[in-house]
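Participant: Next one to model:
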Amino acid sequence: MMVQRNKLIIATVLIGILIGVPQVVVAQLSDTTFSIAPIFQNNMVLQQKSMVAMWGKGNPEAIVNINGSWGKSASVKIDSAGNWKVKLQTPEAGGPYEVTIQYNSTVQTFKNVLIGEVWLCSGQSNMEMPLEGWPPNDTIMNSQKEIAESAYPQIRLFQVKNNFAAEPVTEHVGDWEECSPQTVRTFSAVAYLFGKELHQKLNIPIGLIEADWGGTAVESWMSKEALSAFPSYEPILEAIDRSKDSLKILNQWLAQHRMLDVGAKPREERWENLKFDDSECSEKYFNDRDWISMKLPTLWEASSLGDFDGVVWFRKTLQIPAQWIGKSLSLFLGPIDDMDETYVNGILVGKMLKDGFYKIDRTYSVPASLVTDSVLTIAVRVIDTQGGGGIWGDGKIPYLACEGIEEKLLLNDEWLSMPVAEYRGDKFYVLGLKEGGFRERPKLPVSISAYSPTTLYNGMIHPLVPFTIRGTIWYQGEANVSDPQMYQKTFPAMISSWRSVFESGEFPFYFVQIAPYDYGEGTHSEELREAQLLTMLSVKNTGMAVTLDIGNPKNIHPCNKHDVGHRLALWALAQTYRQKVPAYSGPILKTVKKEKNQLKLVFDYAGSGLVLKEKNGNNEFLIAGPDSVFKKAVVKVHGKALLVSHPEIENPVAVRYAWSNTSEATLFNKEGLPASSFRAGVKK
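Facilitator: Modelled structure (predicted):
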């Protein structure tokens, strides 16, 4: 696709100088240059029955003509700044068609174009989680069967490659591909399962655009203009603005280094046999005196390295007891985020070079043949591709143990570290150890990463604007549980700002309420769920898929993505496409009224009636009187209402349901959809 598209581009420059990912090519505006936004490619899906926006750059005053093989055309004169945008009428769903763009004597034709329904699919890791999962812990239910049966040529997939930027950019990397077992396995499971159900029920082409990044907060996906409405963000927005030129310098510096592109490698082999000019780092007597000291265990983001993705070596030379010499040892490193190769005295003793093992403890055997004297050198090469990185865990690890000896040698203190490669969007930039390495990496006034406010909007959403879409599905919120009150403001603001820039009206925005998970003491994810519920109740044309019954309190990435995709699809089928479905939402509390010594709760979306499914005698309802002391309630189903009481509370005034991090659903409608958690009081 990229080659065909670039036939239109006569002069090019490195986009890394402009935005944040080195070695991507973008059109340079000049008298002879023309480009069309890279979202337009062979195999794309255009929104049916719409005036779809198409745009690009070119020579001022020149004319751009666009023709659809369905019989519609449009033309526009390029403005004085070299920008052009035009809207082309699309027919009802169908195809394949061709779209031809003519500029002066240059003609470009996009082939195998479908007309159908286009959905933007975004969020953090639960949206990002691919159909093949992240084994061994983060798996997708029925993954292999779904992959094997995924040959749907009328579903088209577009993955926006991960990219963050300090200011809005116009270019991105990605390709439209037909859905197949080869292309879908690394595509968002939630997005695919949602799109598959729409395709099967509507029998029309579906285009899915995936733009997500694990561990990211809603602020990263908001524009500067949207966040500026909140004064508390002004200092960080100003700091990012001051750092944008420094980020350009950093990206230019990275672009001067040797690059390893792993994006095309099979996922199971992606991290094997990577050469970073660092082989001597494993040697016993390597000179590491000028390396960076770091106390382990820790994620290196908490150290002087900050928000760094890439390859970092850790080394530790230690004295072992004399009685250990000549004996087999066991090295307990704890969990490593994400992958590692571990050496003792220059010899590889273990490695884990596959995705999904970031929570798995590394325990490696050190053969007696390596323990020849009292000096032992441990060297670990850690590869981290996003989020936290490093040798982490509790303070009881890492440690070294000797066979037959009870005493352990704790290693939870200072190690020496050195980054040797930086990772950006499927590419490693090899820094090495010699001149020009990490020590000379340009420093930014403030750290800028995917976890900074506005950076993912700038790098992954803005380049899509204003591609015509039907709507958005969204799965995010876990990264915002520490401040649910602010999320209640920022999330609606993000929805509003996206609707504004995409120029597709108040398009449907359907999202997933976060599932039960043990976030730890002092956290209140139930309040984040409440913020999401209030968004659905207050923002027009939104819908929420509740997951209280399909989560995993011990795993933030639940395996059941089928019901997630299905529940999102129910909202779209019922509300967007006006299809008849038995129910598309679980019960939502409507009113609370006191009737003598009990509370009557009336629900919207109760379907054909309510069902209470207690778990181990717990119905997840609490009730309180004026003293605000909540007690386990007695609950009776009364049609589409509940009667809630407690024998010791004569004057109930408040009720809570599923009100904790790990509470799971007990209340459903008869159609099987769970109720959202809630808290409410009697109005005075």
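
Participant: residue ranges of the helices in the stretch 351-500 of the chain, please?
Facilitator: 455-456, 484-502 (DSSP state H, counting those that start in this stretch).

Participant: Name the surrounding residues that touch the shortest one.
Facilitator: Residues from elsewhere that reach helix 455-456, judged by CB atoms under 8 Å, 6 or more residues apart in numbering: 20, 164-166, 211, 213, 216, 220-221, 240, 448-450. Where C-beta positions appear, they are placed from N, C-alpha and C, glycine not excepted.

Participant: Average pLDDT for that helix, rounded please.
Facilitator: In this model, helix 455-456 carries a mean pLDDT of 98.

Participant: In a markdown table: the helices of the stretch 351-500 of the chain, plus mean neighbour count and distance to residue 345.
Facilitator: Formatted as a markdown table, these follow (neighbours: other CB atoms under 10 Å; distance: least, CB to CB, whole Å):
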| stretch | mean neighbour count | distance to residue 345 |
| --- | --- | --- |
| helix 455-456 | 28 | 42 |
| helix 484-502 | 20 | 50 |
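
Participant: Of all those helices, which one is nearest residue 534?
Facilitator: Nearest to residue 534 among the helices of the stretch 351-500 of the chain is helix 484-502 (5.9 Å), distances taken as CB to CB.

Participant: looking just at contacts, which helices and strands does that closest one meet?
Facilitator: Applying 3 or more CB pairs under 8 Å, 6 or more residues apart in numbering; DSSP states H and E, one finds that helix 484-502 contacts helix 224-227, strand 509-512, helix 525-538.

Participant: Would you mark the buried spots in the first one?
Facilitator: Looking back up the chat, that one is helix 224-227. 224, 226-227 (16 or more other CB atoms under 10 Å).

Participant: quick revisit: ok, the contacts of helix 455-456 vs residue 403, which is closest?
Facilitator: For the contacts of helix 455-456, the nearest to residue 403 is residue 449 (43.2 Å; CB to CB).

Participant: now the strands: where do they sit in the stretch 251-400 of the chain?
Facilitator: 258-261, 292-295, 310-319, 329-337, 339-344, 347-352, 361-366, 375-384, 390-391, 399-402 (DSSP state E, counting those that start in this stretch).

Participant: so of those, which one's packed in deepest?
Facilitator: Looking across the strands of the stretch 251-400 of the chain with neighbours counted as mean count of other CB atoms under 10 Å, the highest average goes to strand 390-391: a mean of 28.

Participant: for stretch 404-414, how far is the first residue from the last?
Facilitator: Stretch 404-414 stretches 27 Å from its first residue to its last (CA to CA, to the nearest Å).

Participant: Run through who's touching that stretch.
Facilitator: Against stretch 404-414 from outside (CB under 8 Å, 6+ apart): 293-297, 316, 318, 320-321, 323-324, 327, 378, 395-401.

Participant: For the helices of the stretch 351-500 of the chain, could you give me CSV that also reports distance to residue 523?
Facilitator: Listed next are those as CSV, based on distance: least, CB to CB, whole Å:
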stretch, distance to residue 523
helix 455-456, 23
helix 484-502, 10
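
Participant: For residue 112, which of these is the nearest?
Facilitator: With CB to CB as the criterion, residue 112 lies closest to helix 484-502 of the helices of the stretch 351-500 of the chain, at 24.5 Å.

Participant: Return the closest one as PDB; C-alpha atoms alone will do.
Facilitator: Taking C-alpha atoms only, helix 484-502 is exported to PDB below (Å, rounded to 0.1, in the frame of the first residue of the first chain):
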ATOM      1  CA  PRO A 484     -12.600   9.200  39.200                       C
ATOM      2  CA  GLN A 485     -13.900  12.600  40.000                       C
ATOM      3  CA  MET A 486     -11.700  14.200  37.300                       C
ATOM      4  CA  TYR A 487     -12.600  11.300  34.900                       C
ATOM      5  CA  GLN A 488     -16.200  12.300  35.300                       C
ATOM      6  CA  LYS A 489     -15.300  15.600  33.600                       C
ATOM      7  CA  THR A 490     -12.500  14.600  31.200                       C
ATOM      8  CA  PHE A 491     -14.200  11.600  29.600                       C
ATOM      9  CA  PRO A 492     -17.300  13.500  28.400                       C
ATOM     10  CA  ALA A 493     -15.000  16.300  27.300                       C
ATOM     11  CA  MET A 494     -13.000  13.900  25.200                       C
ATOM     12  CA  ILE A 495     -16.200  12.500  23.500                       C
ATOM     13  CA  SER A 496     -17.300  16.000  22.700                       C
ATOM     14  CA  SER A 497     -14.000  17.000  21.200                       C
ATOM     15  CA  TRP A 498     -13.700  13.900  19.100                       C
ATOM     16  CA  ARG A 499     -17.200  14.500  17.700                       C
ATOM     17  CA  SER A 500     -16.200  18.000  16.800                       C
ATOM     18  CA  VAL A 501     -13.000  17.200  14.900                       C
ATOM     19  CA  PHE A 502     -14.300  14.200  13.000                       C
END
